[in-house]
Structures are given as C-alpha cells and as structure tokens.
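*Asks:* Dropping the sequence and predicted coords here.
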Amino acid sequence: MDFDLTDEQRLIRDTVREFAQNEVAPRAHEVDETGRFPEENFKTMAELGLMGLPYPEKYGGAGGDTVSYALAVEEISRACGSTGLTYAAHVSLGCAPFYLFGTEAQKQKYLTHLASGQGFGAFGLTEPQGGSDAGSTKTVAVKDGNEWVINGSKMWITSGAIADVIIATARTIVDGQDQGITCFIVEKGTPGFTPGKNEPKMGLKGSITSQLFFEDCRIPAENVLGEIGRGFRQMLIILDGGRISIGAMALGLGVAALEASLGYSQERHAFGRPIADYQAIQWKLADSAMLLDAARLLIYQAAWLKDQGQPFSKEAAIAKLFASEAAEKACFEAIQVYGGYGYSREYPVERYYRDNRLTEIGEGTSEIMRLVIARNILKESEGL
Amino acid sequence: MNIIVLVKSVPDPAAKVGVRDNKIVEDGLAWEANPYDENAVEEAIRLKEKYGGKVTLITLGPKRAEETLKKMLALGADEGILVSDPAFEGSDELATARILAAAIEKAGGYDVIWAGWTGVDWNQGIVAQAVAEYLGVPHVSFVTKFEVNGQTARCETEVEGGREIIEVDLPAVLTAMQTLNEVRYASLKNIMAVKRKTIPTWGAADLGINPAEVGKGAAHHHLMKLIPPPERAAGRVLKGAPEETVQELVRALREEVKVL
C-alpha cells in the first residue's frame, strides 16, 4: 500500500493550487457578491489544459488520471466554489457522456471541442417534478422520419444556458412504442430548445443554473448518445464519476474553511490570549482536520478504483456523502470560530458554508447516497 | 537557438529554517526552484518559441533536486540533466561553477545560458559569472529585458538608480531578474510530457572532474559557524501621558537600543 501521490499528481496539484490561489481566489468574493460568471478563470483553465484533464490527448484532453482530476477540483473549489462546480460539471457531466458512450464521430465532434475548453458542456437529467426520481422522466422524444422531436423541460442544469452542447435524457417513443430513456445530444441554438433564466441560489452564485425548455425541438436521428433505451443506465454511470468530483469540491471548500479558522484563531485574541489557545477552539480545529483527512482518503480511494477500472459506485457515494458532510461541519465550525465576523459577508467563511450546501444535494442528495451505499452493501452481503 | 538554463533547488523561501550542528535542518523543508531561475526558464522557453531550438535545464544538487527539475521541465523545457555526486557536496562557488561549466560543455552546442541573478538560499550571486569565466564567454548580470539581434543580444540591466543597455556577443551567460518576465503556469500537456522524459544523472566521472578538486575538502572558504537570527522579542507598549511616554521612548532609544 502506498499513500503517496505520484510526481505527476503532485505537480498537477501544485500547479493548479498556484493558479487557483493567485488568480481565482482573489476574485471569489466579488463573483459571489455580484453573481457574475467568472469567464476569465475558464479561459486560463482552458489554456492550461484543465478543461479535459482526465480525457485522452487525441480528444483534446490532457491524459490525466481521476486522482489528478480530483486534486484539480479540490484546489479550484478551495479558491472559488462557483468555479469549482462549473469545472466539475463540465468535466464529469458535460464531457464524460461522450467519452463513455459516444461513437467515434461524436467523440471527435463534441468531446474534442469540450475537452480542449472551446466550450462548455452540460447534462440535462433533472426535471421540475423529479430530481431523485430520475426514472420518471417526463420529457419525451418521438421519432419522426429521420429526426427526433423533443418536448419537455429540465431543471437545475449547471451551465445549461452557456453550454455549446447538452446531453438531455428523454423517454423515447418509436412507432408509438416506449423504448425507455435515451440520452440525446442537443446543440445550442437548435430551434425549439430554449434555456431559461439563471436561477438565483443560496450559494455558488457565480455558477450558472438553468431551466431548459424543449418545444418541438428537432434533432437529427444520429444525435442519440450510444444506444436507444440505454439512457438510464448511462446516467447512473455518469453520476458515479461525477460524485467523486462533488466530493472533491466539498473537500476543497472544507479545507478553505479550516485554513481560515487556523489563521483567524491564532490572530484573534480573547481574554488576553489567541483563541487558538483555548480547548473549545482547538477541538473544533481538530474535528474539522480529522473529518477532512478522512474525506480526502475516501475521495482518493474512489478515484483510484476508477483509474484501476474496478467498480467504484459504492466508494464514490461514500466519498461524496462523507466529504460533503465533513465540509459542512468544517464550514459550520469556521463560522463559530469567527463568531460575529463569521456571519458577516465581509469574511469568506459564510460563503464556503453556502457554497458547500449544494454538495449535499447535487448529483444525488445525501439521502440518495445512503440508498446507493445500502443497496450495494446489501447486495454484497447476499447469501451471508 | 539552443538554450541552457541553470536551475537550483532551494528551500521554500516562506519556510522557517532551523539550524543544528552548523547546518540548516532539512527535515520537513519543502524544496522549490529558485524563484529567479523560474524567470530564467521562462525567458529560455520564450526564446525557443520565437527562434526554435531546444531548452536544456541543468541542476546541480542531491537526488531530491530532481523534483524541482521536473517542475521546471513542466513549464515547457525539452531536457533536464541532474548533476549529482557525493563528491560534489560542500563545493564552494568556484567549484560549483567548474562542475556546472563541465556539464554545460558536455551538454554542448549552446547559444545562450540563463541563470537566476542569485539563489535565495545563500544569496551569493556569483556562480553564473564564474561559469562564464570557465567557459570563456561573456556574461551580463541583472537582465530585465533581452532581445536577440543575430550574433549579439541587447540586454537591459538594472543598476543602482538606473538602467544599463548592454550589447553582448553570443554565446553568453545571462542572469535573470524577477522583472524580466512573468512566469507562466505549467500546462497539463507539459506536465504529462515530463513523465516521458528521462533525466540523466551526471557525476564526477561523467564530467571528467577529479573529485579531490571539488567538494568540501577543496573549498577555498569554510563555514565556521551558522547562527540563526535571534528570536524577535515582543514589543513593549509604553503607557501613560504623552509627555511621560515620549520621554521614556527617547530614553529607551538612547540608552537601551542605542539608535539615537
């Protein structure tokens, strides 16, 4: 067993950290306050080759592994949650469907464009009436000659309004027969496809969250991702990978909160001593450090399993659940350490708290994570 | 244009350095590229991008310096060479320059040699110039702007209270200031490319250097004692009416710290 990162992973982490701390972090407060999309961050990230980090070079990626990708998401999220989420959604939800299930032609056309950072991708799964109940998709795609006609709507789609191409799930009807759920490729500007306004949110205000409307939206027959009727299964596999990155995002926010607490508690004096001298504060710091360390190991483990080509569905759910709750605790305690200043928008810890809240909801709620874990362990224990 | 850059691995400038037995305590220290060497590497890569050719990095140091070398390779340099031999340990600046000059000769075919203007560890700032002497080529120090014009180069350098414009014949050794350029971030593509590069290690035998003529034994100067700076004492707040505190302040400045 070896807990060391490789030279390459360390180099990637250090480079992303340097970039994120120098360029992304100084803008994070303003991005949060104004709700502005920090386009300039992604311009540099594309130049650095981050936008397609875990995909092969022949498709415009950097050929990195999942561990390196998790490190990149952690470092970017540590600097700015909005940028971290947009990045994670682009790589794990925008690019992954093409890489995992696309035909060679689809990979050449779409993955290369997205992985090289020329545009954003997005994944349209959730609908206004169904988040966790993704199987009850109401959006329908009806085969009409050489085209599909899509009708319905999607909700809470990260980067939905700015994406060049969207993967949308829809119940599929061919000759009046329900063929199950299929993933469809919809390009920006296709007539009948309209993104809604940017949804106001509790945190991650610099990320774009959109409703998507499909009204007699016609796309060519070949815009099926992989096979007809495989959409539900594809979606589950895509989300498994995405969960590693949401865990890494939470870890980054938790680490930022702990670092802020460590700094502040040694500067702030009460009763004649730095508050870090008091056990009440030390225990908070120790608990946060312990939880975040454990979260980090779980994330690396899930990422490593994915890189080894081994099953990682349960481990990804465990990592995401644990990391998001660990970060919740670290952010909560950071606000306690800061006291009144922690509640103030002049200090960053309340932003970390608001930003992290999404990691307990997006790409499967904490409740769904527990369901995934339980189903896995019950299955493993069959016949015991 | 073939460019060689001398890169040194130094302790993280922000790290707290301890002293034990007349040596700095290396345990737990993070090692990085000397910051001015990063400017040197950046300039070399820009020259390569403009004129074509090859950027070769040379680092003298122990095995751990290889990680620094890899980090600098990831900025976009082509080759890295680690010059390392137990016999080199404790070399003074002249011996260091001799070893580096021998490594440069072995690497061969250079038009420009870059280095940082000083190393932030011992702050001697003389090795690059000595390398130029050993190679028999000119050198320009403290370069803030650099332009190649055929067989010569125009350098702007920083001098006390002003600038100098110097034209120098190539090949030459140049030392970089921080203001020379802004160092890029390593791209993922270049980071991934580092894995495919092999970094040779050249020792005394490879360079034809007699181990007796370098290292601690051959040094012309010896470190007698290494003393950490004194711990900064806490400040003193003078309390009372301004007339009294001012008097006390003046007295303390005169009699205690003796700056007046």
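*Replies:* Cool, got the structure. Computed from a prediction, not measured in an experiment: that's the story for all the values here.
*Asks:* who touches residue 137 in this structure?
*Replies:* In the absence of a named chain, this looks at chain A. A:T137 makes contact with A:127, A:130, A:152, A:169-171, A:181, according to CB atoms under 8 Å, 6 or more residues apart in numbering or on different chains. The C-beta positions use only the backbone N, C-alpha and C, and glycine is treated the same way.
*Asks:* could you do chain B instead?
*Replies:* B:V137 is in contact with B:113, B:171-173, counting by CB under 8 Å, 6+ apart.
*Asks:* Give me the nearest residue to residue 112, chain neighbours excluded.
*Replies:* Because you didn't say which chain, this covers chain A. A:G60 (4.2 Å; CB to CB, 6 or more residues apart in numbering or on different chains).
*Asks:* wrong one, chain B
*Replies:* Nearest non-adjacent residue to B:V112 (CB to CB, 6+ apart): B:I3, at 4.9 Å.
*Asks:* Would you check how far apart the one you found and B:V168 are?
*Replies:* 15 Å (CB to CB, to the nearest Å).
*Asks:* Pick out whichever of these two has more residues nearby.
*Replies:* Neighbour count, other CB atoms under 10 Å in any protein chain shown: between B:I3 and B:V168, B:I3 has more, with 27 against 19.
*Asks:* What residues are recorded as beta-bridge partners of that one?
*Replies:* Beta-bridge pairing for B:I3 (DSSP bridges): B:V55, B:V112.
*Asks:* residue of chain B with the smallest distance to chain A?
*Replies:* B:L188 (3.4 Å; CB to the nearest CB).
*Asks:* Who are the contact partners of that residue?
*Replies:* A:12, A:48-50, A:53, A:62, A:64.
*Asks:* cool, and A:I167?
*Replies:* Taking CB under 8 Å, 6+ apart, we find A:I167 in contact with A:93-94, A:97-98, A:121-124, A:183-186, A:225.
*Asks:* How about the secondary structure of it?
*Replies:* Following DSSP: H, G, I helix; E, B strand; the rest coil, we place A:I167 in the strand state.
*Asks:* From chain B, how far out is it?
*Replies:* According to CB to the nearest CB, to the nearest Å, A:I167 and chain B sit 24 Å apart.
*Asks:* Just the element for the residue lying closest to that residue once chain neighbours are set aside, please.
*Replies:* Distances taken as CB to CB, 6+ apart place A:P97 nearest to A:I167, at 4.6 Å, with adjacent residues excluded. For A:P97, the host element (DSSP states H and E) is helix A:96-101.
*Asks:* Burial check on residue 165, number of neighbours?
*Replies:* The chain I'm using is chain A. Neighbours of A:V165 using other CB under 10 Å come to 23.
*Asks:* Chain B is the one I meant
*Replies:* B:I165: 9 neighbours (other CB under 10 Å).
*Asks:* Could you do B:L100 as well?
*Replies:* The local packing of B:L100 (other CB under 10 Å) involves 27 other residues.
*Asks:* give me every residue that touches residue 178.
*Replies:* In the absence of a named chain, chain A is used. So A:D178 contacts A:171-172 (CB under 8 Å, 6+ apart).
*Asks:* The intended chain is chain B.
*Replies:* B:35-36, B:39.
*Asks:* Format these as CSV; extra columns: distance to chain A.
*Replies:* Formatted as CSV, these follow (distance: CB to the nearest CB, whole Å):
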residue, distance to chain A
B:P35, 12
B:Y36, 17
B:N39, 15
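*Asks:* Out of these, list just those in helices.
*Replies:* With DSSP state H as the criterion, helices contain B:35-36, B:39 from among these.
*Asks:* By neighbours, which of these wins?
*Replies:* Taking other CB under 10 Å as the neighbour criterion, B:N39 ranks highest of the ones in helices among the contacts of B:Q178 with 26 neighbours.
*Asks:* pLDDT score assigned to that one?
*Replies:* Per-residue confidence (pLDDT) for B:N39: 98.
*Asks:* give the contact list for the residue nearest to it when sequence neighbours are not counted.
*Replies:* Spatially, and ignoring its direct neighbours in sequence, B:N39 is nearest to B:A176 (4.1 Å; CB to CB, 6+ apart). B:A176 makes contact with B:36-37, B:39-40, B:43, B:114-117, B:143 under the criterion CB under 8 Å, 6+ apart.
*Asks:* and if you look at A:V165?
*Replies:* Residues in contact with A:V165 (CB under 8 Å, 6+ apart) are A:94, A:110, A:113-114, A:119, A:121-122, A:185-188.
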